[in-house]
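> coords below, sequence missing:
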């Protein structure tokens, strides 16, 4: 039985969110000092310096995502290990291992959180009332140092990975540059596909996105990227990119970062972004035929977001607004069904 088999008229709407930075945020203060120094920050998120103890525990914290804030909402979360551009590929190996070990300890302390690998395991966790933790990597530059880690981490539960963050990297490059997918990046993409690790094209520049779409033979996604036609930031997807991802069996995850929702919504303006401005991205994708290709990719604990989305505890009211605007079926597809179907395709196609 899956969440879709329940009475959808009355049951809470589950969530399958394709991206957050919570794993980094709660593990940050335990990182080796040389890795924190390489990034240049002793603390990861806003408010952490004032309350260092309040961002170390998955159960209770001031982070956007915690078990306390998730509450009764059935929830599956892709917990990305975000690897900063400032780290070398060799340093990235140590960094990813540390963050993943910290998350394993958190799961051991909170048995209601289940580490999951497959779409069926995700659906089972949601149906059983558990929180599903999905392991992903943002900026998998560690694979440049050791491509054999792709198969190793896949066997250990890695579900999805992106090849860059914002800068030019050893595998691929972000929107700060116009470099193409490297030879090593194409090799790693092939290894990921053979290991059933889904490719995430969020943060790739236009050149690398085109290269990835040309090389990929399996469904891929943009875990946290909005519509560039609605907000012109280069981190967002063009209509052609969205269509290509959709045609490849993928999805695009709605990013809550205010500056990617509305033009100029940075700093003090971030919290004031409205539901209508968020909904405009969904509406545009629906107009492109994307009813089955929209998902959630909040980027919580990694971005400044609107007040209406400032934490997992805001999800029930956000879902109510989505139902009022788009109806229950579209809202369910956006909140979990499309992402679950994508992961099933990516793992079995």
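That came through fine. Since the structure is predicted, the reported quantities are computational estimates derived from the model, not experimental observations. Numbering: from 1, shown residues only.
> Where do the helices of the stretch 51-200 of the chain begin and end?
Assigned by DSSP state H, counting those that start in this stretch, the helices in the stretch 51-200 of the chain fall at 67-70, 89-109, 119-127, 142-145, 149-155, 183-194.
> Not counting its own residues, what contacts the longest one?
Contacts of helix 89-109 with the rest of the structure, by Cβ atoms under 8 Å, 6 or more residues apart in numbering, involve 23-24, 26-27, 30-32, 35, 38, 57-59, 79, 81, 83-84, 87, 113-115, 133, 135, 137, 139-146, 149, 170. Placement of C-beta: from N, CA and C, glycine included.
> And for the fifth one?
Residues external to helix 149-155 that are found in contact with it (Cβ under 8 Å, 6+ apart): 93, 137, 142-143, 188, 191-192, 194-197.
> Likewise for the last one?
The set of residues that contact helix 183-194 without belonging to it, under Cβ under 8 Å, 6+ apart, is 140, 143-144, 147, 150-151, 154, 161, 163, 170-172, 181, 198-199, 208, 211-212, 215-218.
> cool, stretch 45-58 as well?
Here stretch 45-58 makes contact (Cβ under 8 Å, 6+ apart) with 21-22, 25-26, 28-30, 42-44, 61-63, 66-67, 103, 106-107, 109-110, 113, 301, 304.
> Would you report which members of these are assigned to strands?
residue 113 (DSSP state E).
> For the stretch 101-250 of the chain, which residues score under the pLDDT cut-off?
Across the stretch 101-250 of the chain, nothing is flagged by pLDDT under 70.
> Skipping adjacent residues, who's closest to residue 59 in space?
Spatially, and ignoring its direct neighbours in sequence, residue 59 is nearest to residue 67 (4.7 Å; Cβ to Cβ, 6 or more residues apart in numbering).
> these two touch, right, that neighbour and residue 130?
No. Using Cβ atoms under 8 Å, residue 67 is not in contact with residue 130; the gap is 10.6 Å.
> Find the residues that touch each one of these two.
Any residue near both residue 67 and residue 130 by Cβ under 8 Å, 6+ apart counts here, and that gives 112-113.
> rewinding a little: so which of the helices of the stretch 51-200 of the chain gets nearest residue 267?
helix 67-70 (24.1 Å; Cβ to Cβ).
> Specify the beta-bridge partners of residue 76.
Under DSSP bridges, the beta-bridge partners of residue 76 are residue 16, residue 132.
> That one contacts residue 128, correct?
No. Taking contacts as Cβ under 8 Å, residue 76 lies outside contact range of residue 128: 11.5 Å.
> Neighbour count: the two, which is higher?
With neighbours defined as other Cβ atoms under 10 Å, residue 76 and residue 128 compare such that residue 76 has more, 27 against 12.
> Just give me the neighbour total for residue 202.
Neighbours of residue 202 (other Cβ under 10 Å): 26.
> That one reaches residue 220, doesn't it?
No. Assessed by Cβ under 8 Å, residue 202 is found out of contact with residue 220, at 10.3 Å.
> which residues of the protein fall in strands?
Counting by DSSP E, the chain has strands at residues 15-20, 75-82, 113-116, 131-138, 158-162, 198-200, 252-254, 294-296.
> Format these as JSON lines; extra columns: distance to residue 330.
Putting the strands of the chain into JSON lines (distance: least, Cβ to Cβ, whole Å) gives the following:
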{"stretch": "strand 15-20", "distance to residue 330": "15"}
{"stretch": "strand 75-82", "distance to residue 330": "19"}
{"stretch": "strand 113-116", "distance to residue 330": "25"}
{"stretch": "strand 131-138", "distance to residue 330": "22"}
{"stretch": "strand 158-162", "distance to residue 330": "24"}
{"stretch": "strand 198-200", "distance to residue 330": "23"}
{"stretch": "strand 252-254", "distance to residue 330": "12"}
{"stretch": "strand 294-296", "distance to residue 330": "8"}
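> out of those, which comes closest to residue 310?
Among these, strand 15-20 comes nearest to residue 310, with 13.3 Å by Cβ to Cβ.
> If you compare the directions of that closest one and helix 119-127, what angle comes out?
Note on geometry: by axes from the mean of the first three to the mean of the last three Cα atoms, to 10 degrees, strand 15-20 and helix 119-127 are set 120 degrees apart in direction.
> Mean confidence (pLDDT) on strand 15-20, please.
The pLDDT scores in strand 15-20 average 98.
> packing partners for that strand?
Contacts defined by 3 or more Cβ pairs under 8 Å, 6 or more residues apart in numbering; DSSP states H and E place strand 15-20 against strand 75-82, strand 131-138, strand 252-254, strand 294-296, helix 338-348.
> Off-centre distance for that strand?
Taking the mean of its C-alpha atoms, strand 15-20 sits 6 Å from the chain's own mean (Cα atoms, centre = their mean, to the nearest Å).
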